[in-house]
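K.L.:
3D model of this:
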Amino acid sequence: MNGIGASGAYPTDRVTRVVIVDDQAMVRAGFAALLAAQSDIDVVGEAPDGVAGVELCRRAHPDVVLMDVRMPRLNGLEAAQQLLDPPSGVTHRPKVLMLTTFDVDDYVYEALRLGASGFLLKDAPPADLIAAVRVVAEGEALLAPSVTRRLIAEFARQRSGPTPRKGRASATPELRLKALTERETEVLELVARGQSNTEIAASLVLAEQTVKTHVSRIFAKLALRDRAQAVIFAYESGLVAPGDQ
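P.N.:
Numbering: from 1, shown residues only. Alright, predicted model coming up:
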């Protein structure tokens with residue numbers, strides 16, 4: 001699984017602050033215990049629904065939010081939207097990792113389009129959960145690429161038009177794609193196919209740092225937040241067609 005590592009030692013001086021939002025108390029407790037045992041992860045709070053989750057995040061300023069999709073009062077999609085597109089005067093925007101029990105969940109598509117950093121199945125192995133938090137905290141979003149490609153391919157079949165965005169991003173994906181160089185377009189296509197920077201470097205015979213530079217420029221030119229939105233964009237622009245391998 002690209003972007004997912006082992007749960008062993010993770011050399012870093014940075015501590016990632018995490019909030020867990022899920023309506024199942026046992027899920028919250030299990031995830032919290034697992035993550036709190038890692039020296040580089042600090043669970044700063046838990047919430048049982050979207051309303052409480054948003055309020056907690058406004059106070060605690062986590063780096064990463066584990067957000068269940070289906071919850072009472074305010075579902076995970078609506079809560080993620082409030083966190084990723086905060087009202088005027090609120091500057092904190094955490095990374096949001098959606099949690100779902102379904103391989104195909106329409107809420108996940110929408111969350112990725114809103115700017116969520118990826119998703120993870122609730123029955124993923126413990127090592128994947130730990131690595132997912134670390135990966136998302138570093139901005140290397142979009143987890144479980146084999147599942148994600150299937151989800152987004154199905155989404156692209158079902159939806160006929162892009163969601164309007166503000167500013168530069170209001171142009172159609174097809175027009176925005178023309179802003180990229182040929183090499184950047186190649187890199188974006190491989191990102192959309194779920195390849196990591198290391199794999200892209202091998203595919204294009206480039207240094208990994210060069211790939212990172214290309215990815216950063218792609219994000220800047222297309223007004224994208226992370227790899228999750230880049231994959232959505234690649235499908236919406238037609239660069240990658242549903243069902244492509």
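K.L.:
use CA for all of it now, contacts and neighbours both
P.N.:
OK.
K.L.:
For the residue most central in space within the chain, list the residues it contacts.
P.N.:
What sits nearest the mean C-alpha location of the chain, by C-alpha atoms, centre = their mean, is residue 117, with 1.5 Å. By C-alpha atoms under 8 Å, 6 or more residues apart in numbering, residue 117 lies in contact with 95-98, 136, 139, 141-142, 226-229.
K.L.:
Please report phi then psi for the residue lying farthest from the centre of the chain.
P.N.:
Distance from the centre of the chain peaks at residue 205, with 26.7 Å (C-alpha atoms, centre = their mean). Dihedral angles of residue 205 (phi, psi; degrees, to the nearest 10) stand at phi 60, psi 60.
K.L.:
Now do the contacts for it.
P.N.:
Contacts for residue 205 were tallied using C-alpha under 8 Å, 6+ apart; there are none.
K.L.:
moving C-terminal of the lowest-mean-pLDDT helix or strand in the chain, what's the next helix or strand?
P.N.:
Lowest on mean pLDDT, DSSP states H and E among the helices and strands of the chain sits helix 145-158, with a mean of 57. As assigned by DSSP states H and E, the chain's next helix or strand after helix 145-158 is helix 173-177.
K.L.:
Let's see that following helix as CSV, backbone CA atoms only.
P.N.:
C-alpha atoms of helix 173-177 as CSV (Å, rounded to 0.1, in the frame of the first residue of the first chain):
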residue,chain,number,x,y,z
PRO,A,173,-10.4,21.5,-15.0
GLU,A,174,-9.6,21.2,-18.7
LEU,A,175,-8.5,24.8,-18.9
ARG,A,176,-6.5,24.7,-15.7
LEU,A,177,-4.7,21.6,-16.9
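K.L.:
List the buried residues in that helix.
P.N.:
Neighbour-count burial for helix 173-177, counted by 16 or more other C-alpha atoms under 10 Å, picks out 173, 176-177.
K.L.:
pLDDT averaged over that helix - what is it?
P.N.:
Computed over helix 173-177, the mean pLDDT rounds to 82.
K.L.:
what's that helix packed up against?
P.N.:
If contacts are counted by 3 or more C-alpha pairs under 8 Å, 6 or more residues apart in numbering; DSSP states H and E, helix 173-177 sits against helix 227-237.
K.L.:
name the helices or strands packed onto the helix it packs on?
P.N.:
Under the contact definition 3+ C-alpha pairs under 8 Å, 6+ apart, helix 227-237 sits against helix 106-114, helix 145-158, helix 173-177, helix 182-192.
K.L.:
For residue 68, give its distance to residue 84.
P.N.:
Separation of residue 68 from residue 84 (C-alpha to C-alpha, to the nearest Å): 15 Å.
K.L.:
which of the two has more neighbours?
P.N.:
Comparing residue 68 with residue 84 by other C-alpha atoms under 10 Å, the one with more neighbours is residue 68, at 30 against 19.
K.L.:
what about the closest residue to that one other than its chain neighbours, which SS state?
P.N.:
Leaving out its chain neighbours, the residue that sits closest to residue 68 by C-alpha to C-alpha, 6 or more residues apart in numbering is residue 99, at 4.6 Å. Under DSSP: H, G, I helix; E, B strand; the rest coil, residue 99 falls in the strand class.
K.L.:
Hmm, residue 99 is touching residue 122, no?
P.N.:
Yes: counting by C-alpha atoms under 8 Å, residue 99 sits close enough to residue 122 to count as a contact (5.9 Å).
K.L.:
who has more neighbours, those two?
P.N.:
Neighbour count, other C-alpha under 10 Å: between residue 99 and residue 122, residue 99 has more, with 23 against 16.
K.L.:
who's in contact with the more buried one?
P.N.:
Taking C-alpha under 8 Å, 6+ apart, we find residue 99 in contact with 66-69, 119-122.
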